[in-house]
Each structure stands twice: as structure tokens, then as C-alpha cells.
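[1] based on what follows, work out the 3D shape:
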Amino acid sequence: IVKYQPKLLTAGSDGPRFDHDPITRESKGLLIEEARTNYSGTTEPTGTYQATQRADYGIAPDGTQTAIGYEVGSNTVGGSTLIYWPNSGGASSASGINVTQSVYVKPLTGTVVRLLDNSQGPDGVFLLTGEGSVTGGSATTKTITHVGNQWYRITISYTMSGTDSYIQLYTYETGLQGDIAFLTWGYQREIGSFASSFIKSDGGSSTRAVDVAAINDVSWYNNSGGTMFGQYAPADTNSWRTVFRIGGSNDNNSVLLRVNSSNKKEVQAYAFGSKVVDIEASPSAYIAGTEMKATAAFQANDFVTTWDGVQIGTDSSADVPYNVTSAFIGGTLGGGNNVNGTIKKVAYWPVRLSNATLQEMTKE
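    Below is the predicted model:
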């Protein structure tokens, strides 16, 4: 049985993007991401060493015949055949920032590749079989994702210790001389501690704006209280990641359902711009990218938050937000505290549901 994955699609500005698991075909829901820039200058390699580049050799993840094939040189040994992308400069070369390098790779005769920043030192070694796996490397974070049709996206994330960066991709195995070892496509250099979705760059840098999913008609909101529900998967735990926000013209009068920057699951309520109430669980060792279910139920002097079937926190002093003017999915005003992940479901009930109901709603 051969399953063919639909091609990678490009969404227009201000359009929703829905993601899915390329292997199981299961929907992941609405994709909400922060603004990112691809600083690579070009998504195609700049050059090769002891390898022959074959332009337009295969079908790329986007369905076009633009994937580049690499023939291993006859005089090479394991680990010496490579392609490379020198740093294009700009903001991506600043010392002390977190950067993520990523590229799509499809194995032909080869099965192991190494992605290395030869100037900085961090690297990752990846096995391109089955679901794919990380087998080594010194980068802070290393990931491999099977995106279908035998294509894998590999990433390394680390902190720059200088301004130089020289990215290389090795075949990293012997016995491939004279063979087309693999295909590559879609190199990306971005600032951040994890990879975001691909941003095509045809010269210079290319930027994707922040996703803002706003609900401007909030006539359904009940000033006496309600219940919020979210089923979502934040991409990381390095900052506040909001799945649902209901409130006024600023966050001093709102209720937010989110994971906070200390890796805690939290509902945060602001009352009349003067009081802040946090109801949170202790650090939960949340694993980035895993799906969770959460609720926040509230009425005057009666707030409760529930996560994964367990009643986590209550508060008897918070007031219900008033003069509510908008709601946001996956972030706050203007896309702040972006979830940087996928949202399968959000819901609102204009009543404060019981604690028992909240627990049932959030069970696995």
C-alpha cells in the first residue's frame, strides 16, 4: 500500500491555515503562528563540495519539479559529500540570539544526513527511514518530521555565540559514490528556538506576518459569567501561549486560557484594570506539541480552571470581565502571546458549568 501525501500548500495573507498529520491524515486544526522571517536569502543551496548538483531532479513537497538531487563524488568517503548555505547576514547573524535552521530532505540511495553550522558548531544527525529519528548532534533542539511522500523536514536550534554561520548538509555514510544520494528543498534560517512553517525565499529575506484570528461580534458573551474550552497543541513552552481570549480594548479586562512562560497551565483573569488573579498548576513538564484540553469557568467571585480531567485551581475574589468588545483565537490583542501551534477546538457557553462537567470535558 502506498499513500501519497497532498502537496504542501501556500496560504494567502489573512487567510486561515489548517494543518494535519501527514501520516495518519488526522486534522490538527487551525494553525496560528507568530511573525517570522526566513533570512536564508535563497532556499536553494549556494554550492557543493565533492558532489554534483542536479537541478529540478525531483518533485518537491509543494508539487513542483524543483527539488535538487545530489550525486556523490567518486573520490569521497563517508561524511565528506555536502551542500552548503553561507550566512546571508542581517538580523540572523547577531550573537546571542536563538536561531533555527531547517531543510526538507528526501532519501534516495542514502539514509543518514548531518545538518551542521560549521562556524558555530551545533549539529544534528538524522536517520531518514520510517517516521525518521534523531541519532546524534550537539544542537540544543533537533527535530525530524516525516511530511509524506518520503520527505522529511529536519531542524536544529541553538544560540549564536558569534556572527558567522555556515550551514552544511552531509551525506554522512559510505558506499554512495556515483549515486544520487538524496533530494533537498526549502532551506530556512529563522530567529527563534523552534521551527515555524516554511517561508519561501527567492532572494533577500521573506517575512510571514503574525496570524490574528479575531471575533468582532461578541453579542453571545454573558456579562454574568461563562465557560471557555480549548483543545490545542502549543509548539513550545518558552512564552505565554494563549488559546482563547475574551475581553475589552486591553488585557486589563479579559479572561485568557493559556500555558504560561514557566511551563504552567494557567487561566488568568484581570478585573477592572486593577486586580490580577492567576489560577495555575505547578510546573507540569509540558511537552511542546502535545495536545491538551483545558477549561476556564467563571462568574462573580467564582473562578475555576480545569486541565486534563483534573480540577486545578479556584479563586473567590475575581470579577467577570465587562464591556467585552472582542475575542481572539490563538492569541491576544494584535496576535500577542501567540499559541504558535494548532487549535482543534474552542468553545464558549454563556453559563458557568459545574466543576464535574469541566473535568469530564477535559478528560483524555
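[2] point out where the stretch 1-150 of the chain drops to low pLDDT.
    1-5, 42-43, 75-80, 87-92 (pLDDT under 70).
[3] go again using 90 as the cut-off
    Scanning the stretch 1-150 of the chain for pLDDT under 90 picks out the ranges 1-15, 20-27, 39-53, 70-95, 118-119, 148-149.
[4] how about the strands in it?
    18-20, 27-32, 36-38, 47-49, 51-58, 67-72, 82-86, 98-107, 112-117, 123-127, 133-136, 141-148 (DSSP state E, counting those that start in this stretch).
[5] and the last one with strand 123-127, angle?
    Going back to what we said before, that points to strand 141-148. Here strand 141-148 runs at an angle of 30 degrees relative to strand 123-127 (axes from the mean of the first three to the mean of the last three Cα atoms, to 10 degrees).
[6] which element is encountered next along the chain beyond the lengthiest strand in the chain?
    Under DSSP state E, the strand in the chain containing the largest number of residues is strand 180-191. Sequence-wise, the next helix or strand downstream of strand 180-191 (DSSP states H and E) is strand 206-208.
[7] neighbouring strands of that next one in the sheet, and parallel or not?
    Using DSSP bridges, the strands paired with strand 206-208 are strand 36-38 (antiparallel).
[8] any chance of CSV for the strands of the stretch 1-150 of the chain, columns mean neighbour count and distance to Gly335?
    C-beta coordinates here come from the backbone N, C-alpha and C atoms, glycine included. Converted to CSV, these look like this (neighbours: other Cβ atoms under 10 Å; distance: least, Cβ to Cβ, whole Å):
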stretch, mean neighbour count, distance to Gly335
strand 18-20, 14, 18
strand 27-32, 20, 8
strand 36-38, 22, 12
strand 47-49, 14, 38
strand 51-58, 16, 36
strand 67-72, 22, 33
strand 82-86, 20, 30
strand 98-107, 23, 20
strand 112-117, 24, 30
strand 123-127, 22, 30
strand 133-136, 14, 31
strand 141-148, 19, 24
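[9] Phe303 is nearest to which of these?
    Nearest to Phe303 among the strands of the stretch 1-150 of the chain is strand 27-32 (25.0 Å), distances taken as Cβ to Cβ.
[10] strand partners of that closest one, parallel vs antiparallel please.
    So strand 27-32, judged by DSSP bridges, has these partners: strand 18-20 (antiparallel), strand 341-349 (antiparallel).
[11] hey, where'd the strands end up in the stretch 251-364 of the chain?
    254-259, 265-271, 275-280, 292-299, 302-307, 310-315, 326-329, 341-349.
[12] show me what the first one is packed against.
    With contacts taken as 3 or more Cβ pairs under 8 Å, 6 or more residues apart in numbering; DSSP states H and E, strand 254-259 sits against strand 225-234, strand 241-247, strand 265-271, strand 292-299.
[13] which of these has the lowest mean pLDDT?
    The weakest mean pLDDT among those belongs to strand 265-271, with a mean of 71.
[14] can you give me the offset of that one from its chain's centre?
    24 Å (Cα atoms, centre = their mean, to the nearest Å).
[15] can I get the CA coordinates of it in PDB?
    This file holds the C-alpha atoms of strand 265-271, laid out as PDB (Å, rounded to 0.1, in the frame of the first residue of the first chain):
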ATOM      1  CA  LYS A 265      -1.100  25.700  32.600                       C
ATOM      2  CA  GLU A 266      -3.000  28.800  33.600                       C
ATOM      3  CA  VAL A 267      -6.100  30.800  33.400                       C
ATOM      4  CA  GLN A 268      -5.500  34.500  34.100                       C
ATOM      5  CA  ALA A 269      -8.300  37.000  34.900                       C
ATOM      6  CA  TYR A 270      -8.000  40.700  35.100                       C
ATOM      7  CA  ALA A 271     -10.700  42.700  37.000                       C
END
